[in-house]
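Novice: Dropping a prediction and its sequence here:
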Amino acid sequence: MSDREGAGEIIFEIARVGDVQRVAAIDVATGVEVVIQAPANAALADVRALALKKLEKALAGDEDAPPPQRPGKLV
């Protein structure tokens, strides 16, 4: 399914809130949790795959990287 072969257990929590579904992916070993939102009619396999990719990115530490340099001033 992904690069996480042999990795720990992942828990998915899916809750429908109106026309939106909230999908949380939690890595059991580390406790890291990510959340995405998708349309309520989106395919389950697609939203799980998206949440898993976001979790993999969070576990890789990419979210701590500084933003790329852009013109302008950060206020």
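Specialist: That came through fine.
Novice: CA atoms for contacts and neighbours, from now on please.
Specialist: Fine.
Novice: can you give me the helices in the protein?
Specialist: Using DSSP state H, the helices of the chain run over 44-60.
Novice: Where does the prediction get shaky in this protein?
Specialist: By pLDDT under 70, the low-scoring segments of the chain are 1-7, 62-68, 74.
Novice: which residues in it form strands?
Specialist: For the chain, strands defined by DSSP state E occupy the ranges 10-17, 20-27, 33-39.
Novice: quick one, which of the ones you listed is packed in tightest?
Specialist: Highest mean neighbour count among those (mean count of other C-alpha atoms under 10 Å): strand 20-27, with a mean of 19.
Novice: Show residues contacting that strand.
Specialist: With C-alpha atoms under 8 Å, 6 or more residues apart in numbering as the test, strand 20-27 has contacts from 8-16, 32-40, 47-48, 51-52, 55.
Novice: Excluding covalently adjacent residues, which one is nearest to the residue minimising distance to the centre of the chain?
Specialist: Centroid check for the chain by C-alpha atoms, centre = their mean gives residue 54 as the closest residue, at 3.0 Å. Of all residues not flanking residue 54 in the chain, residue 34 sits nearest, at 6.8 Å (C-alpha to C-alpha, 6 or more residues apart in numbering).
Novice: Fine by me, we can end here.
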